[in-house]
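Participant: Next one to model:
(2 chains)
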Number of protein chains: 2
Amino acid sequence: MTTTPLSPTQRTTIGRGRNRMVEDRTELHRLLDDALIAHLGVIVGGHPLVLPVAFAVDLDGPDEDGTLYLHGSVAAGWLRSSADATVCVTITELEGLVAARSAFHHSMNYRSAVVIGTARIVEDPAERRRALGLTVDHMIPGRDATLREPTRKELAATAVLAVPLHEASMKSRGEGPVDDQEDIDAGVWGGVIPLRRVAGDPVAADDATGPAPADVVRRAASL
Amino acid sequence: MTTTPLSPTQRTTIGRGRNRMVEDRTELHRLLDDALIAHLGVIVGGHPLVLPVAFAVDLDGPDEDGTLYLHGSVAAGWLRSSADATVCVTITELEGLVAARSAFHHSMNYRSAVVIGTARIVEDPAERRRALGLTVDHMIPGRDATLREPTRKELAATAVLAVPLHEASMKSRGEGPVDDQEDIDAGVWGGVIPLRRVAGDPVAADDATGPAPADVVRRAASL
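Facilitator: Numbering: from 1, shown residues only, chains lettered A, B, ... in the order given. Prediction:
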């Protein structure tokens, strides 16, 4: 794996808000670790369509800088629309509401990455198996190894889209409000409401027996 | 305001996973209340671009079924690309990780809405002022009324995109794993890790004086 800096192309070069630009690729990897869903943008019937998808990252995948795998159903229309087309995958973690002293300066704290690339439908069963395992482990680390092997029929019904992790940009905001001095002097309060995602205790299915396994308990405790 | 059922057009008719389809428009309104960001999809340079944006809803807005307002900077490229174009706005709340008994049946619990429509740049200063206030109040209900009026310069630098809330579809999954009977019989554990967003205590800016105001405290307590 090489380590191309972020924003390597014009279309992933950030125009607005360059002060929020992140250039360190390890920050992208950290965001991809933390996020649980991505929003995939494709063009369908001449207009954009944006859908939430499960994803996984393989930094040792076939593409330079790693591969992003998006998981869907073979029957899903977005998948057919994406084959060999340029797609956009956006991953956002919202981290705070920024209560400024004026409406104009209200903002949010977040980390967000935009990945643009040519989507490839993963045809090779071994790569598809690997991507499915990575997707399960992205949700609940370690879980894939505790489950039976997918059947050939299941793998045939699993559709995976691969997008190179090469063309990517990232922005991050993580600070208090940026206000006009007059508003600060006027004594208006400014600050941040921090936001985070938490997990509740695992809820067993009605037909489940025994306690939740270690991987599930560990995952719930980590969120 | 009328109450058109959801998925009124072919392009917002759900193909895959019709069992997850939500037809009640009040459920869409509830999701839009709960969500804090949207992902806007536009076509730029022939490829899709997906960006996270702050938003607000005006059910009494100029469009049938209400208006979705997206907030940006006048300098943002996506805004220019969106004027009078068909855009897609997707709003997703992730609510659980579904740990099934097989890799194939792993899933997520979520609510997600897709709104497709022709974007309009809001030119009227009064509508822009109203949209800015609604966006602030969507983040922190009641806050806009506590702040000074935006200046003419601030309003000129605020860009707002309006998208009719008419053409929308919604999906929801909120249940345990759907597993094969053999895997259940094999005694593998299945269940859900519930997820939710929580707020920490408000963090005052370094230059803030006094306690956080009621609207901020109330908002932090409500998340």
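Participant: and A:Ser172, how many neighbours?
Facilitator: A count of neighbours around A:Ser172, defined by other CB atoms under 10 Å in any protein chain shown, yields 17. Where C-beta positions appear, they are placed from N, C-alpha and C, glycine not excepted.
Participant: actually A:Pro125, not the one I typed
Facilitator: Neighbourhood size, A:Pro125 [other CB under 10 Å]: 13.
Participant: and A:Ile193, what are its bridge partners?
Facilitator: Counting by DSSP bridges, A:Ile193 is bridged to A:Leu97.
Participant: The strand or helix carrying A:Gly41 vs chain B: in contact?
Facilitator: Applying DSSP states H and E as the criterion places A:Gly41 in strand A:37-44. Yes: counting by CB under 8 Å from any CB of the partner chain, chain B is contacted by strand A:37-44 at A:Ile37, A:His39, A:Leu40, A:Gly41, A:Val42, A:Ile43, A:Val44.
Participant: how about the nearest residue to the last one, chain neighbours excluded?
Facilitator: When you say that, I think you mean A:Val44. A:Ser81 (4.7 Å; CB to CB, 6 or more residues apart in numbering or on different chains).
Participant: Name the SS class of that neighbour, please.
Facilitator: With DSSP: H, G, I helix; E, B strand; the rest coil as the basis, A:Ser81 sits in helix.
Participant: what's the strand holding A:Gly41 in contact with?
Facilitator: Applying CB atoms under 8 Å, 6 or more residues apart in numbering or on different chains, the contact partners of strand A:37-44 are A:48-55, A:68, A:70, A:77-78, A:81-82, A:85, A:87-92, A:119, A:161, B:11, B:39, B:41, B:43, B:47-50, B:88, B:90, B:92, B:94, B:108, B:110.
Participant: cool, and stretch A:205-223?
Facilitator: So stretch A:205-223 is contacted by A:139-143, A:146, A:197-202, A:204, B:97, B:99, B:176-177, B:179, B:184, B:187, B:189-193, B:195 (CB under 8 Å, 6+ apart).
Participant: Report the buried residues of that stretch.
Facilitator: Neighbour-count burial for stretch A:205-223 flags A:Ala205, A:Ala208, A:Ala212, A:Pro213, A:Asp215, A:Val216, A:Arg219, A:Ala220, A:Leu223 (criterion: 16 or more other CB atoms under 10 Å in any protein chain shown).
Participant: What is the strand or helix carrying A:Val198 packed up against?
Facilitator: If you go by DSSP H and E, A:Val198 is part of strand A:191-199. Applying 3 or more CB pairs under 8 Å, 6 or more residues apart in numbering or on different chains; DSSP states H and E, one finds that strand A:191-199 contacts strand A:86-99, strand A:107-118, helix A:214-222, strand B:191-199, strand B:203-204, helix B:214-222.
Participant: Between strand B:191-199 and that strand, find me the angle.
Facilitator: If you take axes from the mean of the first three to the mean of the last three CA atoms, to 10 degrees, strand A:191-199 sits at 170 degrees to strand B:191-199.
Participant: one step back: ok, which of the helices and strands packed on strand A:191-199 comes nearest A:Gly61?
Facilitator: Nearest to A:Gly61 among these is strand A:107-118 (12.2 Å), distances taken as CB to CB.
Participant: Dump the buried residues of stretch A:205-223 to TSV, plus pLDDT.
Facilitator: TSV is the format used below for those (pLDDT from 0 to 100):
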residue	pLDDT
A:Ala205	97
A:Ala208	94
A:Ala212	97
A:Pro213	97
A:Asp215	97
A:Val216	97
A:Arg219	97
A:Ala220	97
A:Leu223	92
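Participant: elements contacting the lowest-mean-pLDDT helix or strand in chain A?
Facilitator: Ranking every helix and strand in chain A by mean pLDDT, DSSP states H and E puts helix A:77-82 at the bottom, with a mean of 76. Secondary-structure packing of helix A:77-82 (3+ CB pairs under 8 Å, 6+ apart): strand A:37-44, strand A:47-58, strand A:67-73, strand A:158-164.
Participant: So which of these is the most surrounded?
Facilitator: Neighbour counts (mean count of other CB atoms under 10 Å in any protein chain shown) averaged over each of the helices and strands packed on helix A:77-82 peak at strand A:37-44, with a mean of 24.
Participant: List the neighbouring strands of that one plus their orientation.
Facilitator: Counting by DSSP bridges, strand A:37-44 is paired with strand A:47-58 (antiparallel), strand A:86-99 (antiparallel).
Participant: Turn those strands into a markdown table, including mean pLDDT.
Facilitator: Below are the strands paired with strand A:37-44 laid out as a markdown table (pLDDT from 0 to 100):
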| stretch | mean pLDDT |
| --- | --- |
| strand A:47-58 | 95 |
| strand A:86-99 | 97 |
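Participant: Select, out of these, the one closest to B:Arg129.
Facilitator: strand A:86-99 (19.1 Å).
Participant: in that closest one, what counts as buried?
Facilitator: Across strand A:86-99, burial judged by 16+ other CB under 10 Å covers A:86-99.
Participant: Same question for stretch A:71-84.
Facilitator: A:His71, A:Gly72, A:Ala76, A:Gly77, A:Trp78, A:Leu79, A:Ser82.
Participant: ok, which pair from those residues is furthest apart?
Facilitator: For the buried residues of stretch A:71-84, the farthest-apart pair by CB to CB is A:His71 and A:Gly77; their separation is 15.3 Å.
Participant: pLDDT score for A:Arg11?
Facilitator: Listed pLDDT for A:Arg11 reads 77.
Participant: same check, this time on A:Ala157
Facilitator: At A:Ala157, the model reports a pLDDT of 88.
Participant: Touching, it and B:Phe104? I think so.
Facilitator: Yes: A:Ala157 lies in contact with B:Phe104 (CB atoms under 8 Å); the separation is 7.5 Å.
Participant: Among these two, which residue is more densely surrounded?
Facilitator: Ranked by neighbour count (other CB under 10 Å), A:Ala157 and B:Phe104 place B:Phe104 first, with 21 against 13.
Participant: name the element that one belongs to?
Facilitator: Using DSSP H and E, B:Phe104 falls within no helix or strand.
Participant: Torsion angles phi and psi at it?
Facilitator: Here is the backbone geometry of B:Phe104 (degrees, to the nearest 10): phi -60, psi -40.
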